[in-house]
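**Q** Got a predicted model here, sequence first, then my questions.
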Amino acid sequence: MERAEAPNRQAGIFFRTSRSASFHHSLRFLSLTISFLGALIGENISKSYAQESEGQRFVEPYVSAFITRSQPTRGTYSYLEDGIPSLTVGSGTGGGFKVGAYARPYNYAFGAEFEGSVHGGTLSAPQMTINGVTRFANQDFTMVNGMVNVLARYRGDFIQPYTGLGFGFTGIFTDGQAQSAGGLQSGSHGLLGFAGQAIAGARLVVTQHIYFFAEYKYLVSYSNLDHCGNGEESEAGNCRILNQLRYQSHYTTVGIGFSF
């Protein structure tokens, strides 16, 4: 009986040995396959993440240049604190630039920009004599604005409408004559003050980086030129406002920009 069982035990040992070797080969093959798939998936995820990171920068910066046309609606002008009646503020043409960026949250919907612009115009009032006082204005002016605008836009593929508000400084440089109850003023003078504006516009996307834009703005500014004399006069409260201009105007603007 022992001699008959020997071949069966040898066959069982061989079967168990073969099954064990086959299992280890299968496990090794499975391990290699999982490692290969893991490396392949990891590489694809890394590439996707890199592409997403490159395409989703924190900001989308841009620069632009534009031409603009003012259409004043109202203006009041005074010399030595005496108003000049029947004032007409003439329109003018100029240009400027913008430097800004949209931030990544909400698909680059919100941004801020600095805007610098310059344009001309006129201040004119007919000569009028009332109670022995003659008043008139005949001046050319150049207006320089430096504004910081906050914007909100819809980021469409081809048309990107936007709106915003801006605040900043304005400088007005006059050249000519003006007369009021304070006397006659001639020559060039500079007024400084504050300005605010409302903006509505749209971009037309031409390529990935180039776009055209058009916008409407309504600007309100208040500027003056004071004369305080020497230190003793200033301490005594003898400061006088030489010129004062309150200005309101529509603007139409067209330009071209480059988005980085």
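**A** Perfect, I can see it now.

**Q** Show me what the helix or strand residue 164 falls within is packed against.
**A** Following DSSP states H and E, the helix or strand that holds residue 164 is strand 159-180. Using 3 or more C-beta pairs under 8 Å, 6 or more residues apart in numbering; DSSP states H and E as the contact test, the elements touching strand 159-180 are strand 59-79, strand 110-130, strand 133-153, strand 183-205, strand 210-227, strand 240-259. Any C-beta I mention is one placed from the backbone N, CA and C, and that applies to glycine too.

**Q** Tell me how far that strand lies from the chain's centre.
**A** Chain-centre distance of strand 159-180: 17 Å, with C-alpha atoms, centre = their mean, to the nearest Å.

**Q** follow-up on the earlier one: out of the helices and strands packed on strand 159-180, flag the one nearest residue 92.
**A** Closest approach to residue 92 among the helices and strands packed on strand 159-180 (C-beta to C-beta): strand 110-130, 3.8 Å.

**Q** got the buried residues for the closest one?
**A** Using 16 or more other C-beta atoms under 10 Å as the test for burial, strand 110-130 gives 110, 111, 113, 115, 117, 119, 121, 122, 123, 124, 125.

**Q** what sits against the closest residue to residue 58 other than its chain neighbours?
**A** Closest residue in space to residue 58, ignoring its immediate chain neighbours: residue 104 at 5.2 Å, by C-beta to C-beta, 6 or more residues apart in numbering. Residues near residue 104 by C-beta atoms under 8 Å, 6 or more residues apart in numbering: 56, 57, 58, 59, 60.

**Q** quick one: which of those is most hemmed in?
**A** Neighbour counts for the contacts of residue 104 (other C-beta atoms under 10 Å) peak at residue 60, which has 16 neighbours.

**Q** Find me whatever residue is spatially closest to the residue nearest in space to the middle of the chain, sequence neighbours aside.
**A** Compute the mean C-alpha point of the chain, and by C-alpha atoms, centre = their mean the closest residue is residue 113, 2.5 Å away. Excluding the flanking residues, the one nearest residue 113 by C-beta to C-beta, 6+ apart is residue 100, at 2.6 Å.

**Q** you'd agree residue 81 is up against residue 240?
**A** Yes. Under the criterion of C-beta atoms under 8 Å, residue 81 makes contact with residue 240 at 7.0 Å.

**Q** Kindly state the beta-bridge partners for the residue lying closest to residue 163 once chain neighbours are set aside.
**A** Leaving aside its sequence neighbours, residue 163 sits nearest to residue 200 (C-beta to C-beta, 6+ apart; 5.0 Å). Using DSSP bridges, the bridge partners assigned to residue 200 are residue 163, residue 216.

**Q** okay, now residue 200: neighbour count?
**A** Other residues close to residue 200 by other C-beta under 10 Å number 13.

**Q** Good, we can wrap up now.
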